[in-house]
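# return atomic coordinates for the entry below.
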Amino acid sequence: MPYIANQERYQPMTYNRCGNSGLLLPAISLGLYRNFGEDTPYQQAKDIILTAFDNGITHFDLANNYGEPNGSAETLFGQILRTELATYRDEMIIATKAGYDMWPGPYGDGGSRKYMLASLDQSLHRLGLDYVDIYYSHRYDPDTPLEETVSALDTAVKQGKALYAGVSNYPADIMEEVIALFKQYRTPFVVHQVQYSMFLREPEKRLFPLLEKEGLGAIVYQPLFQGLLSTKYQNGIPEDSRIAQNVDSISSDQITHDRIAKVQQLKEIADNRGQSVPQLAIAWVLKRKSVSSALIGVRNVEQLIENMKTIENLSFTNEEDQAINSILT
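Numbering: from 1, shown residues only. Next up is the predicted model:
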């Protein structure tokens, strides 16, 4: 039987405006970074995607190098999109990126016009789409003029291959120039995707104030700081954790006694709110005015459902704010 989405899927979700644009994003978005690839069972991936959509998650975040091997996350998502969600395409925000090493030779990495536009064509082919909703420069490339990278994103939009442009992992000190260039091209540049969590608060200093001033939105990734903002590491390193599996973006030296102690203190606040520590951590990043959506990555439907329950309590009392800030500082 063809898939029929939950008719009440938009009821439980909160949607936030992305900066001053007309684009609304679900407070919680699904990132397809580590847990979608060639070795992922199709049924498992399908269950996660459809459960997300059935609960109002309309935004799915990809990149050319997501999955093992590179590109396999786009291929897998594209297959699910074609077989299950094709009739719902206009209800979805599908994003992809280019910037990191993707194929051999001098044109498979960075921010050049050659790489950015060739990579987008490859991504669209894997996804089986004519366009994506957001196309990002995945990283700042100091060896390529900013104007060249920005103009490539502008071309992608004007060719109809992307509806909006975004950047990710760009340093705050060059964002003013980036914003000025997009204004010059009159490109619908709406979002900066950045790592942000209770344990990584650098964007609060310069980036978030700039985004608020310029009317841009932020989508934040790793709000659980690679799982450290949960109780899974309270009694050592579980065998099925990313650290035990030697995932390159996290290592055991990041699990400090100080962080473990802070998680235990945060758990007391979460318990009083009727939340888990991950739910508390996701709700906390969504407090920021400039944050439109928090990206989560999950291995199974159970994790997805737990994280989605964050929506049930997004407000904080002054006492909770003060207690959390005291723990974190």
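# okay, CA-based contacts and neighbour counts for the rest of this
Will do.
# W103 against A118, yeah?
No. Using CA atoms under 8 Å, W103 is not in contact with A118; the gap is 11.0 Å.
# sec struct for the most centrally placed residue in the chain, please.
Against the mean C-alpha coordinate of the chain, by CA atoms, centre = their mean, the closest residue is L295 at 3.7 Å. Assigned with DSSP: H, G, I helix; E, B strand; the rest coil, L295 falls in the strand class.
# packing partners of the helix or strand bottoming out on mean pLDDT in the chain?
Least confident element among the helices and strands of the chain, by mean pLDDT, DSSP states H and E: helix 257-273 (a mean of 94). In terms of contacts (3 or more CA pairs under 8 Å, 6 or more residues apart in numbering; DSSP states H and E), helix 257-273 is packed against helix 277-285, helix 318-328.
# point out the most buried one among those.
helix 277-285 (a mean of 24; mean count of other CA atoms under 10 Å).
# tell me the angle of it relative to helix 318-328?
If you take axes from the mean of the first three to the mean of the last three CA atoms, to 10 degrees, helix 277-285 sits at 110 degrees to helix 318-328.
# relative to helix 257-273, how tilted is helix 277-285?
Going by the same axes, to 10 degrees, helix 277-285 makes 90 degrees with helix 257-273.
# so how far is helix 277-285 off the chain centroid?
15 Å (CA atoms, centre = their mean, to the nearest Å).
# touching that helix from outside, list them.
Identification of contacts with helix 277-285 by CA atoms under 8 Å, 6 or more residues apart in numbering yields 196-198, 220, 223-224, 229-231, 263, 266-267, 270, 291, 294, 306-307, 309-311, 313-315.
# ok, back up a step: buried ones in the least confident helix or strand of the chain, by neighbour count?
For helix 257-273, a neighbour-count test (16 or more other CA atoms under 10 Å) marks 259-260, 262-267, 269-270 as buried.
# with respect to A5, which of these is nearest?
Among these, A270 lies closest to A5 (CA to CA), at 32.1 Å.
# any idea how far R186 is from the closest residue to F189 other than its chain neighbours?
Among residues not flanking F189 along the chain, A165 sits closest, at 4.7 Å (CA to CA, 6 or more residues apart in numbering). A165 sits 11 Å away from R186, going by CA to CA, to the nearest Å.
# and these two? which has more neighbours close in?
Counted by other CA atoms under 10 Å, A165 and R186 do not tie: A165 has more neighbours, with 26 against 10.
# hey, where'd the helices end up in the stretch 1-150 of the chain?
42-54, 72-80, 113-127, 146-158 (DSSP state H, counting those that start in this stretch).
# tell me which residues are up against the longest one.
Spelled out, it's helix 113-127. Identification of contacts with helix 113-127 by CA under 8 Å, 6+ apart yields 64, 71, 74-75, 77-79, 81, 96-99, 107-109, 130-132, 137, 148-149, 151-153, 156.
# tell me the buried residues in that helix?
Buried residues in helix 113-127 (16+ other CA under 10 Å): 113-117, 119-121, 123-124, 126-127.
# picking up where we left off before, tell me how far the least confident helix or strand of the chain is from the chain's mean position?
24 Å.
# how about stretch 44-54?
17 Å.
# that one - what's its average pLDDT?
For stretch 44-54, mean pLDDT is 98.
# ok, and what's touching it?
Taking CA under 8 Å, 6+ apart as the rule, stretch 44-54 contacts 5-6, 8-9, 30, 36, 58, 80, 300-301, 304.
# if we can go back for a sec, of the contacts of helix 113-127, buried ones?
By neighbour count, with 16+ other CA under 10 Å, those hold 64, 71, 74-75, 77-79, 81, 96-99, 107-109, 131-132, 137, 149, 151-153, 156 as buried.
# can you pull the contacts of the residue nearest to the centre of the chain?
Contacts for L295 were tallied using CA under 8 Å, 6+ apart; they are 28-31, 61, 219-223.
# please name the bridge partners of it.
When assigned by DSSP bridges, L295 has beta-bridge partners S29.
# F182: helix or strand, and which one exactly?
helix 172-185 (DSSP states H and E).
# so how far is the following helix or strand past that helix off the chain centroid?
For helix 172-185, the following helix or strand on the C-terminal side (DSSP H and E) is strand 189-195. Centroid separation between strand 189-195 and its chain, computed with CA atoms, centre = their mean, is 9 Å.
# for strand 189-195, packing partners?
Going by 3+ CA pairs under 8 Å, 6+ apart, strand 189-195 lies up against strand 162-168, strand 217-221.
# backbone dihedrals for the closest residue to M102 other than its chain neighbours, please?
Spatial nearest neighbour of M102, chain neighbours left out: G108 (5.2 Å); criterion: CA to CA, 6+ apart. Backbone torsions of G108, given as degrees, to the nearest 10, read phi -110, psi 20.
# contacts only, for G108.
By CA under 8 Å, 6+ apart, the residues touching G108 are 100-102, 115.
# how near is it to L129?
On the measure of CA to CA, G108 and L129 end up 21 Å apart.
# which pLDDT does the model give I237?
Listed pLDDT for I237 reads 54.
# coming back round to it: which one of the buried residues of helix 257-273 is nearest A86?
For the buried residues of helix 257-273, the closest approach to A86 (CA to CA) belongs to A270, at 38.8 Å.
# list buried residues within the contacts of stretch 44-54.
The buried subset of the contacts of stretch 44-54 - by 16+ other CA under 10 Å - is 9, 30, 36, 58, 80, 301, 304.
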